[in-house]
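1. Need the 3D shape of this:
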Amino acid sequence: MDLSEVVARVVQRCLEDYFEDTQVWRLPALRPPASEQQIIAFERLSGQEIDADLGAFLRLTDGMDGFYFTMSILGCTEWDAGSKRTHAAREYLDSISSGEVHEDVGLESSVKIFPVAVNADASDGIFLIKSSVAPERIWWTGQGSSRFFHTFRNLLEYSMDRSLYSPRDSVD
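-> You can find the predicted model right below:
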């Protein structure tokens, strides 16, 4: 299954969840694709090479509203514009940047992470990991749990069907 089919299935799952309980969910929405220049700028901003599947995702859609409950996947243009969501992402990054949070899941405090998704109240987020410590590049953390994914595609697959990928809860 190519990445565009994976994204289509994620959106389908989000729509199904939305119509089950419209009180909690944000209607999923895709955006126009990011340009190569925007992706390069995003990569520079993150301070690391982005995961290949995240780059492919941004070429399909520059972010996604309603990815998981109130969590949206941030796009390149949001970082350019300094949106409310990117402010929340930086706020959440600051709150977990203590060495203690990293050490709880086996990451060294010096490991560079960059937010790619955050929920509305900045208590749950997904981060790109620049690390040689673990094979995983994606970390979903918040509200007392952590999940590590090898690729952004693995994260998308897990979000649509938990049987498709089994993330680790630490890098130890």
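
2. What residues sit buried inside the longest helix along the chain?
-> Longest among the helix segments of the chain by residue count, using DSSP state H, is helix 3-20. Using 16 or more other Cβ atoms under 10 Å as the test for burial, helix 3-20 gives 3, 6, 7, 9, 10, 11, 13, 14, 17. Bear in mind the C-beta positions are built from the backbone N, C-alpha and C, glycine included.

3. Can you show me the strands along this structure?
-> In the chain, the segments counted as strands under DSSP state E are 29-30, 64-68, 71-73, 112-118, 124-130, 138-142, 145-149.

4. what's the spacing between the shortest one and its chain's center?
-> For strand 29-30, the distance from its own C-alpha centre to the chain's C-alpha centre is 15 Å (Cα atoms, centre = their mean, to the nearest Å).

5. Distance check, the residue sitting furthest away from the middle of the chain against residue 121.
-> The C-alpha centroid of the chain is most remote from residue 20, which lies 23.5 Å away (Cα atoms, centre = their mean). Per Cβ to Cβ, to the nearest Å, residue 20 is found 22 Å from residue 121.

6. residues contacting the closest residue to residue 149 other than its chain neighbours?
-> Among residues not flanking residue 149 along the chain, residue 138 sits closest, at 4.0 Å (Cβ to Cβ, 6 or more residues apart in numbering). Residues counted as contacts of residue 138 (Cβ atoms under 8 Å, 6 or more residues apart in numbering) are 51, 116, 126-129, 148-152, 154-155.

7. Read off the pLDDT value for residue 138.
-> Residue 138 is assigned 95 on the pLDDT scale.

8. close enough to count as contact, residue 148 and residue 127?
-> No. The pair residue 148 / residue 127 is not scored as a contact, 10.1 Å apart, by Cβ atoms under 8 Å.

9. Between these two, which contacts overlap?
-> 138, 139, 140.

10. Report how many residues lie close to the residue lying closest to residue 154 once chain neighbours are set aside.
-> Nearest non-adjacent residue to residue 154, counting by Cβ to Cβ, 6+ apart: residue 165, 4.7 Å away. Residue 165 has 18 neighbouring residues, counting by other Cβ atoms under 10 Å.

11. What does residue 165 show for phi and psi?
-> Main-chain torsions, residue 165, degrees, to the nearest 10: phi -160, psi 140.

12. Residue 163 and residue 11, how far apart?
-> 19 Å.

13. show me what contacts the residue farthest from the centre of the chain?
-> Contacts of residue 20 (Cβ under 8 Å, 6+ apart): none.

14. got the buried residues for stretch 107-115?
-> Residues 107, 111, 113, 114, 115 are the ones in stretch 107-115 that count as buried (16+ other Cβ under 10 Å).
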